[in-house]
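> test case, fold it:
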Amino acid sequence: MSALEPSGPIDASLPAGWAPASQEAPLVQFGDITITEHWLVTPAGSAPLRGTQIFVTDMTREERFIPVWAIVFAIIGFFFFFLGLLFLLVKETRTSGFMQISVTNGAFSYQSAELSRGNRTNQLYELQNRANFARGVIARA
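Numbering: from 1, shown residues only. Below you'll find the model as predicted:
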């Protein structure tokens, strides 16, 4: 028996010619979820790709606030000229949270997250594109 052969019994429900998940090249990755040609690989275990569903959920939020420097300039400007209060109209936006990726295959379920970085719209668009590619791979499995 070589090191590449499975040590346990082989599942008869899997079609012949399928390689174990560790031998296939990853096609797409979501956090710690990897999808190969025939397998869904997670830290919790592997599952055949056929019948897998992928869900992407936007769990980010945006906060608008007045920055500290604008408050300081408004206070200083108030004493010298009332137009300094216009600094209070300055707003900054901060995005926080994460994008949640859920995969299910029968009783097998796993969730992963990617932290929000930079532009929330671009990140969600890119993540949805990866999910659509993975759905295409699943459809071919």
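> separation between the residue lying farthest from the centre of the chain and F73?
Going by C-alpha atoms, centre = their mean, the residue of the chain most distant from its centre is F80, 49.9 Å out. Using C-beta to C-beta, to the nearest Å, we find F80 at a distance of 11 Å from F73. Quick note: C-beta positions are derived from backbone N, CA and C, even for glycine.
> equivalent analysis for N132, please.
Applying C-beta to C-beta to N132 and F73 gives a distance of 46 Å.
> looking at those two, which one has more neighbours?
With neighbours defined as other C-beta atoms under 10 Å, N132 and F73 compare such that F73 has more, 17 against 12.
> ranges for the helices of this structure?
Listed in chain order, the helices of the chain (DSSP state H) span 68-80, 120-140.
> let me know which of these is the nearest to M59.
For those, proximity to M59 was assessed by C-beta to C-beta; helix 120-140 is nearest, at 10.6 Å.
> was I right about I101 contacting A113?
Yes: look at I101 against A113 with C-beta atoms under 8 Å: they come within range, at 7.0 Å.
> what sits in contact with each of the two?
Residues touching both I101 and A113 (C-beta atoms under 8 Å, 6 or more residues apart in numbering) are G31.
> looking at the two, which one has more neighbours?
Neighbour comparison, I101 and A113: the larger count goes to I101, with 22 against 16 (by other C-beta under 10 Å).
> skip the chain neighbours and tell me the closest residue to the more buried one.
F30 (4.2 Å; C-beta to C-beta, 6 or more residues apart in numbering).
> how many neighbouring residues does the one you found have?
22.
> wait, doesn't it sit right on A113?
No: using C-beta under 8 Å, F30 makes no contact with A113, being 9.2 Å away.
> the residue nearest to I101: what's it in contact with?
Shown in contact with F30 (C-beta under 8 Å, 6+ apart): I54, I101, V103, S112, E114, L127, R130, A131, A134.
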